[in-house]
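S.K.: Make a model of this:
(2 chains)
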Amino acid sequence: MRNIDHIDNDPILERMSAIYDGENLPQDKLQSDEFAKAREHMQNWSLIGATLRKENFASIDTSFADKISAQISAMGPIANTPIAEEPIVDQAQVEQKPKVNYVVKVRKAFFVLAQVAAAAAIAAVTVVGYQTYNAGSITDFEPAVNANFGPVGGVNLASYQNDNQDMVIRMNQFDSAQNANVSQVATPQNQADPQAIRDMREKELEKINIYLRGYVLDTATNR
Amino acid sequence: MNTRTDQDTASSDAALVKRVQEGDTQAYNVLVLRYQHRVCDIAKRFVNNSSDAADVAQEAFIKAYRALGSFRGDSSFYTWLYRIVVNCAKSFLESNSKHRYNIDVDAPEFEALDTEGVLTSQDSPDRILESDELREIILKAFAALPDELRQAITLREVEGMSYEDIALAMKTPIGTVRSRIFRARQFIEEQMAGLTQGK
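M.R.: Just a heads-up that it's a prediction; the model follows:
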């Protein structure tokens, strides 16, 4: 242990040491000359305290306090200092604004666009597939003969006017329960009975035959 | 080791704050000297740069001085000051993020920045001290103090106790406490002077 008896007893510095700790403050204002004398010591006392409290100070700029002191002196006592805007703000009100992450935003937008594109593609495939499938079914339901297949070069003869009876027949082929939902029309289960189709075709052929017989007889008579 | 309570700190600051409010600017200089390292440390946690941290800390001290007239003592001075520092640091970060690319890196103040994390001073480079070496000297000197001096300065600087409480704890007059704290500081200062003279 070292001897500390050699340390001079400096009443002014000892008083300033107490003032530094907020103790034994004089009645009057602190004297500038005394403060100036003790200033460098106070810097050291500040470092001693910070070290003992294990505060982090990566560097020491002894001019830091001097700069503030100069500004304070220029501003003068508090009574002469313009009242500043309230610097204390509730910490909840000074929440840092979240930084806009444009990468995340672009990713989100791309994800939404990809979803929309996928949905559109599926819808397109569904529509085209539905139409293609239905097209095949309709062919099966087409009447055996239509106007274009008429015996006189596609001329739709009056005696062979389609009175939509075929459609009536077709519609009658469906079970009423199955026809409740129109979307079920295209399913194979809902297709007409082959026997009914054959009957329909026979009726159509009979119509054609009647027409042909009438046409032939009429032609022969006119000759 | 850092067990200083808010109440202890408040009691030691209250008298100085009151003096500042009464117009004693020197009392505020004492508060700046006492809290400069802590405030710089807080600021550096936010801005992560010694030079910027010093600017933030300086701004915080000035703002605190201007607003000290409205300080009612509902919290301790340090708690109040801490909030100001945090707000200043956040404002600095927001401002810096907006104008990051407008900074002139060739400006003279940037020449003062070193690359090893040690802040330099343009005004008085000879006053810059290496912190680690200084810390070691202070702790060695502290360990070499007589027990009563080491105990007195520990109760004051670490525990933040008032002279009156220290006197009660050590069962000595307040005058003796004051003398012991001062002598402890003087002894450690002598060892610190050896470092600065050696440089």
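
S.K.: switch to C-alpha atoms for all contacts and neighbour counts from now on
M.R.: OK.

S.K.: Got the domain ranges for chain B?
M.R.: Domain assignment for chain B by automatic domain parsing gives B:1-99, B:120-199.

S.K.: And the helices in chain B?
M.R.: Taking DSSP state H as the test, the helices found in chain B are B:6-21, B:25-47, B:50-67, B:77-98, B:108-111, B:131-143, B:147-153, B:163-170, B:174-198.

S.K.: go on, chain A?
M.R.: Taking DSSP H as the test, the helices found in chain A are A:11-20, A:32-52, A:64-75, A:102-141, A:165-172, A:194-222.

S.K.: between the longest one and helix A:194-222, how big is the angle?
M.R.: Right, helix A:102-141. 50 degrees (axes from the mean of the first three to the mean of the last three CA atoms, to 10 degrees).

S.K.: Residue of chain A nearest chain B, please.
M.R.: residue A:77 (4.7 Å; CA to the nearest CA).

S.K.: quick revisit: export the domains of chain B as JSON lines, with columns for mean pLDDT and mean neighbour count.
M.R.: Below are those laid out as JSON lines (pLDDT from 0 to 100; neighbours: other CA atoms under 10 Å in any protein chain shown):
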{"stretch": "domain B:1-99", "mean pLDDT": "84", "mean neighbour count": "19"}
{"stretch": "domain B:120-199", "mean pLDDT": "84", "mean neighbour count": "18"}
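
S.K.: Using TSV, lay out the ones you listed together with distance to residue A:107.
M.R.: Listed next are these as TSV, based on distance: least, CA to CA, whole Å:
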stretch	distance to residue A:107
domain B:1-99	23
domain B:120-199	45
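
S.K.: and residue A:44, which of those domains is closest to it?
M.R.: Of all the domains of chain B, domain B:120-199 sits nearest to residue A:44, with 6.6 Å by CA to CA.

S.K.: Need phi/psi at the residue in chain B positioned nearest to chain A.
M.R.: Using CA to the nearest CA, the single residue of chain B nearest to chain A is residue B:23, 4.7 Å away. The phi/psi pair for residue B:23 (degrees, to the nearest 10) reads phi 110, psi 10.

S.K.: next one: phi and psi at the residue nearest to it when sequence neighbours are not counted?
M.R.: Closest residue to residue B:23 in three dimensions, ignoring its sequence neighbours and counting by CA to CA, 6 or more residues apart in numbering or on different chains: residue A:77, at 4.7 Å. Dihedral pair for residue A:77: phi -60, psi 160, per degrees, to the nearest 10.

S.K.: hmm, back to that, just list the residues touching the residue of chain A closest to chain B, thanks.
M.R.: B:20, B:23-25 (CA atoms under 8 Å, 6 or more residues apart in numbering or on different chains).

S.K.: From these, pick the one nearest residue B:162.
M.R.: Taking these together and measuring to residue B:162 by CA to CA, the closest member is residue B:20, at 19.5 Å.

S.K.: you'd agree that closest one is up against residue B:28?
M.R.: Yes - assessed by CA atoms under 8 Å, residue B:20 is found in contact with residue B:28 at 5.8 Å.

S.K.: Least confident of the helices of chain A, on average?
M.R.: If you rank the helices of chain A by mean pLDDT, helix A:165-172 sits at the bottom with a mean of 51.

S.K.: rewinding a little: TSV for the contacts of residue A:77, including distance to residue B:169?
M.R.: Putting these into TSV (distance: CA to CA, whole Å) gives the following:
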residue	distance to residue B:169
B:20	30
B:23	34
B:24	32
B:25	33
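
S.K.: Can you lay out the helices of chain A as a markdown table showing distance to chain B and mean neighbour count?
M.R.: Output for the helices of chain A, formatted as a markdown table (distance: least, CA to the nearest CA, whole Å; neighbours: other CA atoms under 10 Å in any protein chain shown):
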| stretch | distance to chain B | mean neighbour count |
| --- | --- | --- |
| helix A:11-20 | 6 | 20 |
| helix A:32-52 | 5 | 18 |
| helix A:64-75 | 6 | 16 |
| helix A:102-141 | 15 | 12 |
| helix A:165-172 | 74 | 14 |
| helix A:194-222 | 79 | 13 |
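
S.K.: For residue B:177, find the nearest of those helices.
M.R.: Nearest to residue B:177, of these and by CA to CA, is helix A:11-20 at 9.8 Å.

S.K.: now for the closest one, which elements pack on it?
M.R.: Counting contacts by 3 or more CA pairs under 8 Å, 6 or more residues apart in numbering or on different chains; DSSP states H and E, helix A:11-20 packs against helix A:32-52, helix B:174-198.

S.K.: Turn the ones you listed into JSON lines, columns for distance to residue B:95.
M.R.: Converted to JSON lines, the helices and strands packed on helix A:11-20 look like this (distance: least, CA to CA, whole Å):
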{"stretch": "helix A:32-52", "distance to residue B:95": "30"}
{"stretch": "helix B:174-198", "distance to residue B:95": "38"}
